[in-house]
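*Asks:* sequence plus predicted model, see below.
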Amino acid sequence: MRKGCAQFPGCRLALSSLFGLLLAPALLGQGSDVAGKVVSVQGTVEVDVTGWTPAQIDQLLNAGSTVRTAVRSRATVLLLDETQLKIAPSSQLTLTQVRPASSLLSRLASVSSNVDQSLLNLNKGKAWLRARKKPTSVQVQTPAVTAAIRGTEFVIEVLDDGESIATVLEGAVEMSNPQGSITVNTGEEGRARIGEAPTKRILVNPEDAVQWTLYYSASASPRDYPFVTASLAGARTQLASPPTNPVALAQLQHDAGDLDAALGTLAGVAGSEAAETRGWILVQLNRIAEAVSEFEGLTSPTWRGIVGLSLAHWRAGDLPTAYATVENQSDPQSQILKATYLVQAAEVEAARLILESVRSADPTSAQALGLLAVVQLVQNDKDAALVSSLGSAGSSR
């Protein structure tokens, strides 16, 4: 499991400084209305100023822009004040105003403004924020409360009835409304209902609130999905006496890690098995459009064609379509990939049920056991995670 840059202070500092340098040229000639920049899009993400349009990577966002994410979709925005912002699935957030940039960015872009703090409005859903600027420079308004950052990192969520929950991972957050005010410190959770004073409690594992921000790679290696053998040495040994069938030869070359040679072997070879094998290799070579064309041309794809098409959509950033591709499939590999998508969408318990079902059918599945260990860690079930991870290590030998 790889945690995002937010988990490493040096990386956070470098990212914020780099953002300032990257955004400054775009600001020249734009005036002082620019509030931030979209830096990643996963799934269906839209931006509204005068009407909803699909969000684009590197898109500049003006003050007043609203960003919304669909189910199993996410977005990352870096604000002009160097606040890092991740927006969870099924969320809607407005950049009401954003304070001026750092002195470095101000000098580079000649930006001036009378705004002395950033104000965001979370209408529904969930967002993670990490702020570098001085305390009280960022406030998030929800239907139930205003949350002012007194530290650097927190997660805020708005439930369907407007109840708002702030989980502080570093620093402190002041939650206030007309009924009262509290300070929520590191490791605590504050909650506020509409018309009621906010309250707080100490959390055993506050990191659970930020697990949905973790990054999971869409990469697939020959060892993850071998055609013949997961052993590189075994595949290379078999290639000493190569098969005459070009598809069988390409599959062995794939398992040996020689993707370019495998693709060359399949050049001009027709048939569904050749197309499926070729599509799979193209996914791993990141030639996504070609891979999709191969997979979509199949009349009766095997699990490999279905999983390959799903991975291609994931690589292209279309997580909803990637999920829909495997949603109703019953084979273990599709189910494991479906569980991976559910973890990213913060539907952890649903993912766990799927993985436990796969494990019951195949106790040696390294992929199911490995992902199950991640899910169990997310749910703070460390003993179960240790058992799963040991099982994964044993089954991958």
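*Replies:* Alright, I've got the coordinates.

*Asks:* hmm, Ser272 is touching Thr299, no?
*Replies:* Yes. With contacts defined as C-beta atoms under 8 Å, Ser272 counts as touching Thr299 at a distance of 7.0 Å. Where you see a C-beta, it was placed from the backbone N, CA and C, and this is true even at glycine.

*Asks:* show me what contacts Pro198?
*Replies:* If you count contacts by C-beta atoms under 8 Å, 6 or more residues apart in numbering, Pro198 has them with 145, 175-177, 179-182, 190-192.

*Asks:* hmm, try it at 10 Å
*Replies:* Remark: with contacts taken as C-beta atoms under 10 Å, 6 or more residues apart in numbering, Pro198 is in contact with 144-147, 164-166, 174-177, 179-184, 190-192.

*Asks:* now do Ala256
*Replies:* Counting by C-beta under 10 Å, 6+ apart, Ala256 makes contact with 222, 226, 228-229, 231-239, 262.

*Asks:* need these in JSON lines (columns: neighbour count, secondary structure and distance to Lys338).
*Replies:* What follows is these, written out as JSON lines (neighbours: other C-beta atoms under 10 Å; DSSP: H, G, I helix; E, B strand; the rest coil; distance: C-beta to C-beta, whole Å):
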{"residue": "Pro222", "neighbour count": "23", "secondary structure": "coil", "distance to Lys338": "22"}
{"residue": "Pro226", "neighbour count": "18", "secondary structure": "coil", "distance to Lys338": "21"}
{"residue": "Val228", "neighbour count": "15", "secondary structure": "coil", "distance to Lys338": "26"}
{"residue": "Thr229", "neighbour count": "18", "secondary structure": "coil", "distance to Lys338": "26"}
{"residue": "Ser231", "neighbour count": "14", "secondary structure": "coil", "distance to Lys338": "28"}
{"residue": "Leu232", "neighbour count": "15", "secondary structure": "helix", "distance to Lys338": "28"}
{"residue": "Ala233", "neighbour count": "9", "secondary structure": "helix", "distance to Lys338": "32"}
{"residue": "Gly234", "neighbour count": "15", "secondary structure": "helix", "distance to Lys338": "30"}
{"residue": "Ala235", "neighbour count": "23", "secondary structure": "helix", "distance to Lys338": "28"}
{"residue": "Arg236", "neighbour count": "16", "secondary structure": "helix", "distance to Lys338": "33"}
{"residue": "Thr237", "neighbour count": "13", "secondary structure": "helix", "distance to Lys338": "35"}
{"residue": "Gln238", "neighbour count": "18", "secondary structure": "helix", "distance to Lys338": "32"}
{"residue": "Leu239", "neighbour count": "16", "secondary structure": "coil", "distance to Lys338": "34"}
{"residue": "Ala262", "neighbour count": "27", "secondary structure": "helix", "distance to Lys338": "27"}
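
*Asks:* who's more crowded, Ser272 and Thr299?
*Replies:* Ser272 (15 against 5; other C-beta atoms under 10 Å).

*Asks:* distance of the more buried one from Gly257?
*Replies:* To Gly257, Ser272 is 25 Å away according to C-beta to C-beta, to the nearest Å.

*Asks:* go on, Ala322?
*Replies:* In this view, Ala322 and Gly257 are 25 Å apart by C-beta to C-beta.

*Asks:* and stretch 343-360, average pLDDT?
*Replies:* Mean pLDDT, stretch 343-360: 85.

*Asks:* ok now it, how far from the chain's centre?
*Replies:* Centroid displacement of stretch 343-360 relative to its chain, using C-alpha atoms, centre = their mean, to the nearest Å, is 17 Å.

*Asks:* for it, buried residues please.
*Replies:* Judged by neighbour count (16 or more other C-beta atoms under 10 Å), stretch 343-360 contains these buried residues: 343-348, 351-352, 354-356, 358-359.

*Asks:* low pLDDT regions in the stretch 201-350 of the chain?
*Replies:* Applying pLDDT under 70 to the stretch 201-350 of the chain picks out residues 204, 207-208, 211-212, 214-218.

*Asks:* partner residues bridging the nearest residue to Ile149 once chain neighbours are set aside?
*Replies:* For Ile149, the nearest residue in space outside its immediate sequence neighbours is Val138; the separation is 4.7 Å by C-beta to C-beta, 6 or more residues apart in numbering. When bridges are taken as DSSP bridges, the partners of Val138 come out as Ser118.

*Asks:* surely Val138 meets Arg99?
*Replies:* Yes. Contact status for Val138 versus Arg99: in contact at 8.1 Å, counting by C-beta atoms under 10 Å.

*Asks:* which residues do the two both contact?
*Replies:* The overlap between the contact sets of Val138 and Arg99 (C-beta under 10 Å, 6+ apart) consists of 79, 81, 83, 117-119.

*Asks:* turn the buried ones among those into a named PyMOL selection, would you?
*Replies:* What follows is the PyMOL syntax for the buried subset of the shared contacts of Val138 and Arg99, where burial is set by 16+ other C-beta under 10 Å:
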select buried, resi 79+81+83+117+118+119
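
*Asks:* where's the dip in pLDDT among the shared contacts of Val138 and Arg99?
*Replies:* The member of those with the lowest pLDDT is Gln117, and it reads 75.

*Asks:* now that one: how far from Gln139?
*Replies:* With distances defined as C-beta to C-beta, the gap from Gln117 to Gln139 amounts to 6 Å.

*Asks:* overlap in contacts, the two.
*Replies:* Shared contacts of Gln117 and Gln139, counting by C-beta under 10 Å, 6+ apart, come down to 97, 148-149.

*Asks:* one step back: same drill for Ala322 and Gly257, tell me which one is more crowded.
*Replies:* Here Ala322 and Gly257 are compared on neighbour count by other C-beta under 10 Å; more neighbours surround Ala322, at 26 against 15.

*Asks:* and that one, which of the three is it?
*Replies:* Classification of Ala322 using DSSP: H, G, I helix; E, B strand; the rest coil returns helix.
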